[in-house]
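Asks: dropping the sequence and predicted coords here.
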Amino acid sequence: MAVAKKSSKGYRGYASPLGIFLFLFPALLGYTVFTVLPIGVQCVYSLLKWKGYTPLLQFNNFYYYTVMFQDKYFWGSLINNVRIWILGAFLEIPIALLLAFILSRRVRGVGFFRVLYYIPQIIPVLFLAMIFKFLITQEYGLNGLLRAVGLGNFIQPWLSKDGLSQWVIGIPGTWQGVGFWIVIFIAAIAGVSEELFEAAQLDGANDMQLLRYITLPSIRSVVVFAYIMLGLGAIQSFMWQFLIPSAPGAPMGQNHTLGSYIAELAMSYRSTSNLGYASTLSVSLFVISVVATVIVWRVNQWSQER
């Protein structure tokens, strides 16, 4: 009894306001230094005339924001972000959800397939990009396969044709993300009571009905979380645009997303005058991310209230 009482006092000490603050302080400090402060600095840079070496003293009268709304590359990059989100929303998440449901139903060799689908997550992104670019640009890759099976009319310049390359460049990221969401959805499905599935099966429900009426409502919050993270990832996407650049002959910047466009402006070797404009686009990227998250969250709440 004495030990239990002492332990209880100890736990009350950890749960005190000071104890909670001490536990949270390292995380709060890191978040402030590496997230909050950089956002604040970017907001300041976007409002000042700055060429990278001049004093940050002169207000630019929102000049960079005016330029942004007139910049065709900004709007083109934003449309490419939307394309990546569409690929994820209609391919990545649904495929991962379906495969997770199948793998959770005690199929033979389930362990092997779980590892197989997760392999793209542990392969270096650079290696995947090199393989993907090789397959769609070389004559003995995808185009060679189409020619061999008599579908030569479908051969395309996959990375240089405007309107096509913007979709193609989002495919490897979508494929890589499926394995990650399979793991998340399998863990969520494992938390659903097996009695619900058994009762539905006794009533004659088939697998698709189990997925629609039992699984999806039970893991709704996880699916919403997946779409929120997918939206944030699509908005901030930039890696594949650098690893798989447009093929020669493509219009300049046609495959840029907002993230890769910002990175190119900020790291351009031609001029330092783009740093202020890159800061403006970074602030816009942050605002778009927040708005997109709020919209998805509100749509989920609205659908639950109906």
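Replies: Perfect, I can see it now.

Asks: longest helix in this structure, please.
Replies: Assignment by DSSP state H gives helix 275-305 as the longest helix of the chain.

Asks: which helices and strands sit right next to that helix?
Replies: In this structure, helix 275-305 packs against helix 37-46, helix 63-70, helix 220-235, helix 258-266, with contacts taken as 3 or more CB pairs under 8 Å, 6 or more residues apart in numbering; DSSP states H and E. To be clear about C-beta, it is placed using only N, CA and C from the backbone, and glycine gets the same treatment.

Asks: closest to F242 out of those helices?
Replies: Closest approach to F242 among the helices and strands packed on helix 275-305 (CB to CB): helix 258-266, 6.0 Å.

Asks: average pLDDT across the closest one?
Replies: For helix 258-266, mean pLDDT is 87.

Asks: and that helix, how far from the chain's centre?
Replies: 17 Å (CA atoms, centre = their mean, to the nearest Å).

Asks: kindly calculate the angle that that helix makes with helix 220-235.
Replies: With axes from the mean of the first three to the mean of the last three CA atoms, to 10 degrees defining the directions, helix 258-266 sits at 30 degrees from helix 220-235.

Asks: give me the low-pLDDT residue ranges for the stretch 201-306 of the chain?
Replies: 246-252, 268-273, 303, 306 (pLDDT under 70).

Asks: quick revisit: any chance of the helices and strands packed on helix 275-305 in TSV, with mean neighbour count and distance to I155 too?
Replies: TSV is the format used below for the helices and strands packed on helix 275-305 (neighbours: other CB atoms under 10 Å; distance: least, CB to CB, whole Å):
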stretch	mean neighbour count	distance to I155
helix 37-46	15	44
helix 63-70	15	38
helix 220-235	18	29
helix 258-266	21	27
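
Asks: ok, which of the ones you listed comes nearest L243?
Replies: helix 258-266 (10.1 Å).

Asks: show me what that closest one is packed up against.
Replies: In terms of contacts (3+ CB pairs under 8 Å, 6+ apart), helix 258-266 is packed against helix 72-87, helix 239-243, helix 275-305.

Asks: for Y213, find the nearest of the ones you listed.
Replies: helix 275-305 (15.6 Å).

Asks: residues of stretch 161-179 that come out buried?
Replies: By neighbour count on 16 or more other CB atoms under 10 Å, the buried set for stretch 161-179 is 161, 165-166, 168-179.

Asks: F238 - how many residues pack around it?
Replies: By other CB atoms under 10 Å, 18 other residues sit near F238.

Asks: and I136, by the same measure?
Replies: Neighbourhood size, I136 [other CB under 10 Å]: 21.

Asks: ok, now which ones touch the residue nearest to the spatial centre of the chain?
Replies: What sits nearest the mean C-alpha location of the chain, by CA atoms, centre = their mean, is G233, with 1.9 Å. Contacts for G233 (CB atoms under 8 Å, 6 or more residues apart in numbering) come out as 88, 177.

Asks: how near is A148 to L128?
Replies: 24 Å (CB to CB, to the nearest Å).

Asks: which one of those two has more residues nearby?
Replies: Neighbours per residue, other CB under 10 Å: of A148 and L128, the larger number sits with L128, 18 against 10.

Asks: not counting its neighbours along the chain, what's nearest the more buried one?
Replies: Leaving aside its sequence neighbours, L128 sits nearest to P172 (CB to CB, 6 or more residues apart in numbering; 5.7 Å).

Asks: list the residues that contact the one you found.
Replies: P172 is in contact with 128-129, 132, 240, 244, counting by CB under 8 Å, 6+ apart.

Asks: got it, and V283?
Replies: By CB under 8 Å, 6+ apart, the residues touching V283 are 39, 42-43, 46.

Asks: no further questions, thank you.
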